[in-house]
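**Student:** here is my input; please provide its structure:
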Amino acid sequence: MADFVTQAGPLRGLVEGELAKLFTPEGLLTDADVPPGLAEPMRYALLGGGKRLRPVLCLAACQAVCGDPAPALPAALAIEVLHNYTLVHDDLPCMDDDTLRRGRPTVHAKYGYGQAVLVGDALQAAAFQLALTPPKSHAESAEFVSHAESAENAESGSPAGGAAERSEAEGVIQHSASGIQHSLCMALARAAGPAGVVGGQWVDVTSSPPHDEARVSYVHAHKTGDLIACACEMGAIAAGAASEDGSGEGSPRSLAREFGRSLGLAFQIVDDLLDGDDPAKAAELSILRVCTPEEARARARAATERALRALDALAAIPAGRTESPDGRAPSRPNAALALLRSLAEDQLSRTL
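**Tutor:** As a prediction, this is how the structure comes out:
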């Protein structure tokens with residue numbers, strides 16, 4: 001994932017900065033009524049590093065649809081806060097019983113079992129509050145636009161975007177389409193709920209060897225894949241693709257979701273392959289319990305190809321299908337599409 005980490009650097013840096021702002025006096029997670037003892041472990045859980053894969057996917061998907069990542073900032077923070085809630089709970093003694101994450105004690109190891117449960121609960125609720133937050137104004141989002149333009153200009157060799165491009169981006173940011181926040185919350189709830197991450201975790205926790213194909217596929221699709229697919233879908237929704245009426249499987253929203261779903265499957269299969277020689281994980285539910293490494297590699301390649309086909313279809317949608325509110329067709333920045341393509345392709349190079 002080294003290439004992705006490098007290419008996504010500006011967006012990752014912006015996500016880190018915005019996450020930190022949640023804990024400033026004006027931030028969501030330092031409300032006057034939040035006990036200081038709760039804010040501290042929430043900060044510990046959320047600001048402890050990580051690739052920030054999901055929020056970067058959300059921002060890049062938004063940029064690929066409307067030409068600007070800024071409208072997806074609240075959604076990107078929401079998906080990352082929710083993801084970290086799942087990590088806090090996954091680490092609990094009653095689940096995976098991990099005492100280290102990213103080289104540091106897990107939340108329950110540092111603060112206590114009951115405290116970690118409540119930290120996870122608080123992060124989950126905060127995620128939905130973020131999903132309901134309107135995007136920032138153009139002026140407040142200028143840094144996002146600047147970084148996005150710089151990344152694309154560096155790739156294309158063109159000068160900084162002119163007044164027309166900035167005006168176009170401003171029109172997208174200021175647009176407040178009816179139902180966008182509702183659609184974001186519905187997508188997040190589906191991905192997080194009993195038919196999503198919780199359902200996948202339930203099957204994982206309650207399963208014991210011998211594992212079968214259906215069980216492994218369900219856990220891969222829901223425990224891992226749903227949040228990655230949701231991140232991409234939320235990016236498209238924030239860009240204005242809140243509705244799929246009349247668009248069917250070829251809509252920007254459905255194509256972004258399919259890209260994420262296939263990427264998530266490839267991501268998990270590769271993780272299983274990388275863990276294949278770890279004795280500590282020999283009993284875990286894994287693709288290697290139901291097929292050979294060679295077959296698993298073939299599945300990862302097939303999932304990656306599906307992700308790339310969805311991305312190609314998204315890039316090929318006529319501009320009029322995703323017009324900005326002022327009627328002008330948004331650009332499809334090569335930088336955003338290249339980043340998404342690189343992430344999909346780099347999955348295979350992690351082990352194949």
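**Student:** just the strands in the stretch 1-150 of the chain please.
**Tutor:** 100-101, 104-105 (DSSP state E, counting those that start in this stretch).
**Student:** least reliable of the ones you listed by average pLDDT, please.
**Tutor:** Lowest mean pLDDT of the strands of the stretch 1-150 of the chain: strand 100-101, a mean of 93.
**Student:** neighbouring contacts of that one?
**Tutor:** 48, 87, 91, 106, 109 (CB atoms under 8 Å, 6 or more residues apart in numbering). Every residue, glycine included, has its C-beta placed from N, CA and C.
**Student:** ranges for the helices of the stretch 101-250 of the chain?
**Tutor:** 107-111, 113-131, 142-156, 163-174, 180-192, 197-206, 213-219, 226-238 (DSSP state H, counting those that start in this stretch).
**Student:** just how off-centre is the second one within its chain?
**Tutor:** Read that as helix 113-131. 18 Å (CA atoms, centre = their mean, to the nearest Å).
**Student:** output the contacting helices and strands for that helix.
**Tutor:** For helix 113-131, the packing partners by 3 or more CB pairs under 8 Å, 6 or more residues apart in numbering; DSSP states H and E come out as helix 36-46, helix 73-90, helix 107-111, helix 180-192.
**Student:** most tightly surrounded among these?
**Tutor:** Most buried of the helices and strands packed on helix 113-131 by mean neighbour count (mean count of other CB atoms under 10 Å) is helix 73-90; its value is a mean of 26.
**Student:** by how many degrees do that helix and helix 226-238 diverge?
**Tutor:** Taking axes from the mean of the first three to the mean of the last three CA atoms, to 10 degrees, one finds helix 73-90 and helix 226-238 inclined to each other by 170 degrees.
**Student:** who touches R190 in this structure?
**Tutor:** Counting by CB under 8 Å, 6+ apart, R190 has contacts 196, 226, 230.
**Student:** in ChimeraX, select just the buried ones from those residues.
**Tutor:** To isolate the buried ones among the contacts of R190 in ChimeraX, judged by 16 or more other CB atoms under 10 Å, type:
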select :196,226,230
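**Student:** turn the contacts of R190 into TSV, columns for distance to P209 and pLDDT.
**Tutor:** Formatted as TSV, the contacts of R190 follow (distance: CB to CB, whole Å; pLDDT from 0 to 100):
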residue	distance to P209	pLDDT
G196	25	96
D226	24	96
C230	30	98
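**Student:** and the strands in the stretch 201-350 of the chain?
**Tutor:** Using DSSP E, counting those that start in this stretch, the stretch 201-350 of the chain contains no strands.
**Student:** now do stretch 334-348, average pLDDT.
**Tutor:** Computed over stretch 334-348, the mean pLDDT rounds to 88.
**Student:** that one: which residues count as buried?
**Tutor:** 335-344, 346-348.
**Student:** what does stretch 301-308 give?
**Tutor:** For stretch 301-308, by 16+ other CB under 10 Å, it's 303-304, 306-308.
**Student:** dump that stretch to PDB, keeping only the CA atoms.
**Tutor:** Provided in PDB are the C-alpha atoms of stretch 301-308 (Å, rounded to 0.1, in the frame of the first residue of the first chain):
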ATOM      1  CA  ARG A 301      -7.700 -10.800  -8.900                       C
ATOM      2  CA  ALA A 302     -11.300 -11.300 -10.000                       C
ATOM      3  CA  ALA A 303     -12.600  -8.900  -7.300                       C
ATOM      4  CA  THR A 304     -10.000  -6.300  -8.300                       C
ATOM      5  CA  GLU A 305     -11.000  -6.600 -11.900                       C
ATOM      6  CA  ARG A 306     -14.600  -6.000 -10.900                       C
ATOM      7  CA  ALA A 307     -13.600  -2.900  -8.900                       C
ATOM      8  CA  LEU A 308     -11.700  -1.500 -11.900                       C
END
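**Student:** sorry, back to before: compare the strands of the stretch 1-150 of the chain and give me the one nearest A298.
**Tutor:** strand 100-101 (31.4 Å; CB to CB).
**Student:** and the closest one, how far from the chain's centre?
**Tutor:** 21 Å.
**Student:** run me through the strand neighbours of that strand, direction for each.
**Tutor:** Strand pairing for strand 100-101, using DSSP bridges, gives strand 104-105 (antiparallel).
**Student:** which residues does the strand it pairs with contact?
**Tutor:** Residues contacting strand 104-105 (CB under 8 Å, 6+ apart): 48, 99, 110.
**Student:** closest to P210 among these?
**Tutor:** T99 (28.7 Å).
**Student:** check what pLDDT that closest one gets.
**Tutor:** So T99 comes in at 94 (pLDDT).
**Student:** S208 now?
**Tutor:** For S208, pLDDT reads 83.
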